[in-house]
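Visitor: Take a look and give me a structure for this.
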Amino acid sequence: MTDLYVNPTGKLEGVVKAPPSKSYTIRAIVASLLSEGISKIRDPLFSLDTSACIKISEKLGAQIDRKDWGLKVTGCGRKLKNPGSVLDTENSGTTIRIITGVASLIEGEVTLTGDESIQKRPIGELLDALSQLGVAVSSRGGFPPIKVSGPLLGGVCSIRGDISSQFISSLLMSAPYAHENVLIELSTPLKSRPYVDLTLSVLEKFKIRVENEDYVKFFIRHGQVYEACDYTVEGDYSSGAFLIAGAALSNSDVTVLNLYKDSKQADKAIIDILRKMGAKVDVSEDRVRIQGTGNLSGITMDLSDSPDLVPICAVLGALSEGRTVIENVGHARLKECDRIHAMAVELSKMGADITEKSDGLVIKGGNLKGGAIIESWNDHRIVMSMAVAGLFANGPTTIKDVEVVAVTFPDFIDVMNTLGAGFNGKPDKSGDN
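Guide: Numbering: from 1, shown residues only. This next block holds a predicted model:
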């Protein structure tokens, strides 16, 4: 495993491109798998998570060819193939959840699993909803490995909306190929609603219609067919947030391309968060410009719709003046790691005054000390957030197992270095900022 050395820097400057969206890429691959004909996915994200989705889609019958412009996918429509072997989703939570629904369309038993982290992430709510729709399911106490035996008959299912929006997305993507109409009823209010909007936008592009009753009920008529299409993946606000936040914390002038003003992504919320904290952020049609001074003020932020922003927003709070409260993100404990606890532990190593709550964090801003050795928690967002924190500490920081960034942002180090971060150099013992 490789360590990342982060030396303090006072300035970031330049123009970089945000990586393509993981969320859109995975959904587009699955929609193309379920389509009849050839789809073109332009500018997809190539990362560990999307690679896992590609390999599984091929095992289920898709033919996927990599081109200089992206992916050419020959789908198999309803005629999915039983893989005859275990489907390993590796570290991709999005993939195992969405493909679990897709696997219910296959005659016969399909087994899905993932790495150690995935096997600790609950999926019982989704399995219960599928069983209500006629699917035979079994699991290890509601955790992967899981077994799914189709077909998906259809009917009515009830599922909580406050555990994972990916469960809802999984049902929405598989429901058009059920034997009967499907009605999905949410028994609790929906959290991370923008991710469901994202799924609905992909379905619409592939000509699938969902009747949405105020995000409480979703009705999907059976007999619909995914139509192959030409799909371009937009940039990822989830990954772009690290670039934007780093610029806002420094004396900077940074432009991030490939981030769209009208995006449905939940993590576009980072723009409003930074503005409320006092940053100057300008958004045009396809780019975001940050002219930072590093003078930010703490705020209270409800990240119920954007739990992936918890790590970087914790860093923003630790380096801002005053008090920052991150609330309504209990579901952030169910990600690649318990992100609330992980950020409390790692920022405390750097001297942050941070209190862990059941559903969030309370942070009193101030200076961060250097010299800390930061653990990755096998979580790409922990590594990238703490790398940003290290840029503004009073001395060098070491971050363990940096390879995990390849899950969503393989070029993170190179992109940050383009802006002047100087990552991966030898530790600077002087501590000068």
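Visitor: rest of the way, CA atoms for contacts and neighbours
Guide: Noted.
Visitor: tell me which element the closest residue to residue 219 other than its chain neighbours is part of?
Guide: The shortest distance from residue 219 to any non-neighbouring residue, by C-alpha to C-alpha, 6 or more residues apart in numbering, is to residue 183 (4.6 Å). In this assignment (DSSP states H and E), residue 183 forms part of strand 182-186.
Visitor: Next, give phi and psi for the closest residue in space to residue 144 that isn't next to it in sequence.
Guide: Nearest non-adjacent residue to residue 144, counting by C-alpha to C-alpha, 6+ apart: residue 119, 4.8 Å away. Phi and psi for residue 119, reported as degrees, to the nearest 10, are phi -70, psi -10.
Visitor: Please apply the same query to residue 236.
Guide: Torsion angles at residue 236 (phi, psi; degrees, to the nearest 10) stand at phi -100, psi 110.
Visitor: so who does it touch?
Guide: The neighbourhood of residue 236, defined by C-alpha atoms under 8 Å, 6 or more residues apart in numbering, consists of 18-22, 258-259, 265.
Visitor: Sort out which of these are in helices and list them.
Guide: residue 22 (DSSP state H).
Visitor: Can you give me the distance of residue 371 to residue 399?
Guide: Residue 371 sits at a distance of 10 Å from residue 399 (criterion: C-alpha to C-alpha, to the nearest Å).
Visitor: neighbour-wise, which of those two wins?
Guide: residue 399 (22 against 19; other C-alpha atoms under 10 Å).
Visitor: count of residues packed around the closest residue to the more buried one other than its chain neighbours?
Guide: Nearest residue to residue 399 in three dimensions, chain neighbours excluded: residue 374, at 4.6 Å (C-alpha to C-alpha, 6+ apart). By the criterion of other C-alpha under 10 Å, residue 374 has 23 neighbours.
Visitor: Enumerate every residue touching residue 374.
Guide: Here residue 374 is in contact with 346, 349, 386, 397-400 (C-alpha under 8 Å, 6+ apart).
Visitor: Tell me the one of the residues you listed nearest residue 89?
Guide: residue 400 (23.8 Å; C-alpha to C-alpha).
Visitor: residues contacting the nearest residue to the closest one once chain neighbours are set aside?
Guide: Of all residues not flanking residue 400 in the chain, residue 3 sits nearest, at 4.6 Å (C-alpha to C-alpha, 6+ apart). Contact partners of residue 3, counting by C-alpha under 8 Å, 6+ apart, are 398-402, 424.
Visitor: what do you get if the cut-off is 10 Å, keeping everything else the same?
Guide: With contact set as C-alpha atoms under 10 Å, 6 or more residues apart in numbering, residue 3 has these partners: 373-376, 398-403, 424.
Visitor: for residue 328, same thing?
Guide: Counted by C-alpha under 10 Å, 6+ apart, residue 328 has contacts 191, 301-307, 357-361.
Visitor: ditto for residue 239
Guide: Residue 239 neighbours (C-alpha under 10 Å, 6+ apart): 18-22, 267, 308-309, 380-381, 384, 408-409, 412.
Visitor: Now do the phi/psi pair for it.
Guide: Per-residue torsions, residue 239: phi -80, psi -40 (degrees, to the nearest 10).
Visitor: and what of the one 3 residues further on?
Guide: As for residue 242, its main-chain torsions (degrees, to the nearest 10) stand at phi -70, psi -40.
Visitor: is it true that it touches residue 385?
Guide: Yes - here residue 242 lies in contact with residue 385, judged by C-alpha atoms under 10 Å, at a distance of 6.7 Å.
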